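**Student:** Pasted the sequence and its predicted model underneath.
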Amino acid sequence: MSVTDRPTQRVPDGGPPPDPRQSEKRITAPRVFWPALAIIGTFVVLALALPDQMGELFSTLNDTVVGDLGWYYILIVSGFVLFSVWIALSPMGRVVLGRDEEKPEYSLTAWFAMLFAAGMGIGLVFWGVAEPLNHFASPPPGTGEAAAERARAATDATYLHWGLHAWAIYVVVGLAMAYAIHRKGRPVSIRWALEPLLGNRVKGTLGDAIDVIAVVGTLFGVATSLGFGVKQVGAGLAYLGVVGEATTGLLVVLVVAITVMATTSVVTGLDKGIKYLSNLNMGLAGALMLLVLVLGPTVFLLGDFVSSVGSYLTNFFTLSFRTLSFQGGDGTSWLSGWTTFYWGWWMSWAPFVGVFIARISRGRTVREFVTGVLLVPTVVTFAWFAVFGGSGIHREIFGEGGLVGPDGAVSTDSALFQMLDGLPWSSVLSVIAIVLVVVFFVTSSDSGSFVVDMLASGGDPEPPVWSRVLWALLEGSVAIALLLAGGDSGLTALQTAAILLALPFSLVMIGMVMSVTRALLAENGRMQRAERRLLADEIAGHIARTPDLRDRVSGNGHDEGLPAGDAVPAAVADPAETRTVPHRR
């Protein structure tokens, strides 16, 4: 069965999933759809009318939540990593996310391309050069002054923010959702991931609130990325001389173009638009990375990749639990501006990415899912930062510099194009980079719209076309409105709102860990009991087919190696008598 087919879903006591014929004409989950739409509309109106005041308000809230609760974010995200490793290595890893004999719907290549493009592909292009340079120019407090020390601290911090921890956040949501959707036949809705823990309460107001938070957080996150991303495209066009300046009008045109492409893609569904664009993404990204590797300081970049991975693994636990408490205000400021910010940002994206990768993972085992989502993207991410970030740092240390200003500032929007300008074929590379940014944004927007629509449609795996178009256009409209109203201040307020929503959603994620653990332990227990029964039946059958053994079991004969009268215990003759059925309380 294709992922885009409408499966028959079992929803005991909760009613069937939305009827496809009716959902094409009406809103199937009004208790999620209308509250989410009202919250989004209210926020946009306030951001348009009072951009500076909203920016200040959310900045204060962000400082309180992200700054004062940094220890909490660091603790739970590190816990998510440990949970992911444990669940993959345990016997529970063999559970299939679907029917026991079901095969994966997508090839490994297509599956990886879609989850990577949805997860953080656009972020890698945006931050690939800029983040390592930012850390190199302003390293974590306590780092030495030598260039080599700052460079190592820069790669360690970057790998921490984009490596196992980020993908472990997606594993938690994606695994819980994939189990609920494909193994239990539940609708594509966040609430059902908590059913083993909350029971029927997921069908009421609590479940509605969970889905509303997921819808609002996802749309805010995608709209923010769209707004900031077109600024990078505009900076690239200005750097290439295509336009004189990246004006607001140009940025609005770019948002409109990307939104139109995303809308077209999301209408065609997973098996066409999103799948093809994701494969195109991976091809362009691979080609660009290979060209930069070959045209840049190749030997240095390869060596830096090996040493950076080694440093990350060596310092893994130190980095994971680093709170910089003894660095005072500087430590708190750096941590809240980077590490804690990232953990909140990834959690705000987790409903979108988790639901999406769950949706495309039917037929994979838990072990395949966790390994694929956790390890493969992490390795590719490390290689990307080693090539692009390493090229930028190499230029600062050994080359002509110019990527870090005299005041230590880094132009995040144009850092990629500044780095490419120092390589042969710089114009060609910059054009590829711009196309890559646009296509990545299209895949992020269309997959985001698809997920938001599924959640707002009561978990319908194939939501109606009109609502897909609505959410895709709404994402673009929100980005345009904030660009026109306040530029960076409006987008920053929206981004902060998305991160603040990560706080209540972090509690949902803790519930998901408990819920999926309970479900998989029970599942593994049933599998072990079934295996023991099968083994017992095979032994009984073998005894029945072997006369000598049958006589020994019945006590009518004895083996030469056994004293007379020492028959095989009767319990072996009838394995059913040795079985016990646990009492269900």
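**Tutor:** Perfect, thanks for sending it. Numbers count the residues shown, from 1 in each chain.

**Student:** For stretch 304-313, the averaged confidence score.
**Tutor:** Over the span of stretch 304-313, the pLDDT mean works out to 97.

**Student:** Distance of the nearest residue to residue 165 once chain neighbours are set aside relative to residue 161?
**Tutor:** Computed as CB to CB, 6 or more residues apart in numbering, the closest residue to residue 165 that is not its neighbour in sequence is residue 77, at 5.1 Å. All C-beta atoms are positioned from the backbone trio N, CA, C, and that covers glycine. With distances taken as CB to CB, to the nearest Å, residue 77 is found 11 Å from residue 161.

**Student:** Same question for residue 477.
**Tutor:** To residue 161, residue 477 is 30 Å away according to CB to CB.

**Student:** for residue 189, same thing?
**Tutor:** To residue 161, residue 189 is 30 Å away according to CB to CB.

**Student:** same question, residue 346
**Tutor:** 9 Å.

**Student:** Compare the two and say which one has the larger neighbour count.
**Tutor:** Using other CB atoms under 10 Å, the more surrounded residue of residue 346 and residue 161 is residue 346, with 27 against 23.

**Student:** my read: the more buried one touches residue 166, true?
**Tutor:** Yes: if you go by CB atoms under 8 Å, residue 346 and residue 166 touch, sitting 4.9 Å apart.

**Student:** Check the gap between the spatially most central residue of the chain and residue 203 for me.
**Tutor:** Taking CA atoms, centre = their mean as the criterion, residue 170 is the residue nearest the geometric centre of the chain, at 3.5 Å. In this view, residue 170 and residue 203 are 26 Å apart by CB to CB.

**Student:** What does the pLDDT read for residue 295?
**Tutor:** pLDDT recorded at residue 295 is 96.

**Student:** okay but it is in contact with residue 426, surely?
**Tutor:** No: applying CB under 8 Å, one finds residue 295 not in contact with residue 426, separated by 9.1 Å.

**Student:** what about residue 100, which SS state?
**Tutor:** coil (DSSP: H, G, I helix; E, B strand; the rest coil).

**Student:** Can you report phi and psi for it?
**Tutor:** Backbone torsions of residue 100, given as degrees, to the nearest 10, read phi -60, psi -40.

**Student:** ok, residue 514 to residue 507 distance?
**Tutor:** For residue 514, the distance to residue 507 - CB to CB - is 11 Å.

**Student:** of these two, who's got more company?
**Tutor:** residue 514 (14 against 11).

**Student:** quick one, what contacts that one?
**Tutor:** Contact analysis of residue 514 by CB atoms under 8 Å, 6 or more residues apart in numbering lists residue 197.

**Student:** and it, what helix or strand is that in?
**Tutor:** helix 488-545 (DSSP states H and E).

**Student:** What's the mean pLDDT across that helix?
**Tutor:** 85.

**Student:** burial measure for residue 165, as a count.
**Tutor:** 24.

**Student:** related to what we said a few turns ago, which residue sits closest to the residue nearest to the centre of the chain, ignoring its sequence neighbours?
**Tutor:** With CB to CB, 6+ apart, the residue lying closest to residue 170 is residue 353, at 4.9 Å.

**Student:** List the residues that contact the residue lying closest to residue 90 once chain neighbours are set aside.
**Tutor:** Once flanking residues are discounted, residue 90 sits nearest to residue 524: 7.8 Å by CB to CB, 6+ apart. For residue 524, the contact set (CB under 8 Å, 6+ apart) comprises 90-92, 95.

**Student:** for the residue lying closest to residue 217 once chain neighbours are set aside, what are its contacts?
**Tutor:** Sequence neighbours aside, residue 501 is the residue nearest to residue 217 in space, at 4.1 Å (criterion: CB to CB, 6+ apart). Neighbour list for residue 501: 213, 216-217, 220, 348 [criterion: CB under 8 Å, 6+ apart].

**Student:** Which of those residues are buried, as a PyMOL select command?
**Tutor:** A single PyMOL command selects the buried members of the contacts of residue 501 (16 or more other CB atoms under 10 Å):
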select buried, resi 213+216+217+220+348
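
**Student:** now, among the contacts of residue 501, which is nearest to residue 463?
**Tutor:** residue 216 (17.2 Å; CB to CB).

**Student:** Show the pLDDT at the closest one.
**Tutor:** Residue 216 is assigned 88 on the pLDDT scale.

**Student:** which residues in the stretch 101-250 of the chain form strands?
**Tutor:** Counting by DSSP state E, counting those that start in this stretch, the stretch 101-250 of the chain forms no strands at all.

**Student:** Give me the below-cutoff pLDDT ranges for it.
**Tutor:** For the stretch 101-250 of the chain, the stretches flagged by pLDDT under 70 are 116-121.

**Student:** Got the domain ranges for the protein?
**Tutor:** Annotated domains of the chain cover 25-323+331-533, 546-578 [automatic domain parsing].

**Student:** nearest to residue 539, of the ones you listed?
**Tutor:** Short answer: domain 546-578, nearest of these by CB to CB, at 6.3 Å.

**Student:** what residues are up against residue 141?
**Tutor:** 324, 327, 330-331, 334 are the contacts of residue 141 under CB under 8 Å, 6+ apart.

**Student:** Recalculate using a threshold of 10 Å.
**Tutor:** 324, 326-335 (CB atoms under 10 Å, 6 or more residues apart in numbering).

**Student:** Ok, residue 93 next?
**Tutor:** 86-87, 365-371, 520, 524.

**Student:** Residue 347 contacts residue 73, doesn't it?
**Tutor:** Yes: counting by CB atoms under 10 Å, residue 347 does reach residue 73; the two are 8.1 Å apart.

**Student:** shared neighbours, the two?
**Tutor:** Residues touching both residue 347 and residue 73 (CB under 10 Å, 6+ apart): 502-503, 506.
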